[in-house]
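1. task: produce atomic coordinates for the following.
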Amino acid sequence: MEWIKRLCRWISDNAKSFVAILAFLALLVGGIVWIVTLQARERDLTQQAQSLTQQAQSLTEQARLYQAQRDDARQKLDAANQELNAANRADDNLCAVIRLAVRNGSIAQSQAASVSDRCGPTQGPVLTITDPVKSSAPTPEPPVIVVKGTLDSSAIKGQVWIVTTVPGVNRYYPQGSWPDHYGPADVSPNGVWTSPSVYLGTPQDRGKRFDIIAVEANPAAATVFWNYLQRGTDPHVGFPGIAHLPQGVIERAQVTVIRSQLAAPKRD
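-> From the prediction side, this is the model:
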C-alpha cells in the first residue's frame, strides 16, 4: 500500500500542474473545434457565394435575352408602323387624287363611289364646263366660240380664265382682248359663268384638236394674263402663247374640241 500513498502524495504535490495541463488540453480542443467550425462555415459561405454567382449569371443571361427580344420586337413594331404609315400615305394620296379628279370633272362622282368608304364622301367639282359639252370624242367647234359653265362661289375665290392648248404643243394661250378689256369670265349671281370669245387657232389649224382649260387665277396670275394680252396688241409680237401657266393658277376643268373647217373671222 506504500505505492498508493506515494502516488497520492505525488498527485497532491503536482495537482496544479495537472490542472494546467487539463486546461491547456481543453483550450486546445476548443481551438481545434472552433477552427473546424470556421472552415465548415467558410465552405458553406463559399458554396453560397458560388450559387449566388451562378444565379446572377443566369439572371444576367435572361436579362440579355429579354433585352434582345425587346429590341427585336421594337424593330418589328417600328417596321410595322412604317409600313402602316406608308399605306396610310398611299391611301391619302389616292384619295386626294380622286377628290381632285372629281372636283375637276375628270371623273364622275359616281365613279369614285367604290372608294368612298375609304376616302369618305367626295365633293363634286367646284367648277365645270357645260358648253362645249364634254364627250368621249372631241366635237367639232367653229373657230370662235364662247365657253360657259358653272362654279361654286364658296370654293372659287379667284377669277375664271380660259386658256387653250394644242396637244403636243407645249404652249398655253390665255383668251381675252386687251383693247376691249375682256379677260376673266363673267359670273352671274347663281354661279353661271360665261367666257369672252375663245379663238381656236388660225385658219392653218383647221382640223386640229384644242384643249379648252378653265382655270382659277389669283391676282398675280391674272396680271400675267393681262400682260400677255397687252403685248399681243403689238403686231410684231402677236400671241405666241406662254411656256407654262404662272404661279397662282389652278386648272379646274377641261374639254377637248376640234376646230371645224369654217373660216375664222378677223380677231380684234
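
2. strands along this protein, start to end?
-> Secondary structure of the chain (DSSP state E): strands located at 127-131, 139-141, 144-151, 159-165, 173-174, 186-187, 192-199, 209-217, 249-259.

3. partner strands of the first one, with direction?
-> Strands flanking strand 127-131 in the sheet, each with its direction: strand 144-151 (antiparallel) (DSSP bridges).

4. per-domain residue ranges of this protein.
-> Following automatic domain parsing, one finds the domains of the chain at 2-96, 127-259.

5. mind putting the ones you listed into JSON lines with mean neighbour count?
-> All C-beta spots, glycine's among them, are computed from the backbone N, C-alpha and C. As requested, the domains of the chain are exported to JSON lines (neighbours: other Cβ atoms under 10 Å):
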{"stretch": "domain 2-96", "mean neighbour count": "10"}
{"stretch": "domain 127-259", "mean neighbour count": "16"}
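
6. need these in a markdown table with mean pLDDT, can you?
-> Formatted as a markdown table, the domains of the chain follow (pLDDT from 0 to 100):
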| stretch | mean pLDDT |
| --- | --- |
| domain 2-96 | 79 |
| domain 127-259 | 93 |
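
7. what's the closest non-adjacent residue to Leu229?
-> Once flanking residues are discounted, Leu229 sits nearest to Trp178: 4.1 Å by Cβ to Cβ, 6 or more residues apart in numbering.

8. now for the one you found: which residues touch it?
-> 226, 229-230, 232-233 (Cβ atoms under 8 Å, 6 or more residues apart in numbering).

9. so what touches stretch 181-191?
-> For stretch 181-191, the surrounding residues in contact (Cβ under 8 Å, 6+ apart) are 147, 149-153, 159-162, 174, 176-177, 193-197, 214, 217, 222, 225-226, 229.

10. quick revisit: closest to Leu84 out of the contacts of Trp178?
-> Checking the contacts of Trp178 against Leu84 with Cβ to Cβ, the nearest one is Trp226 at 49.1 Å.
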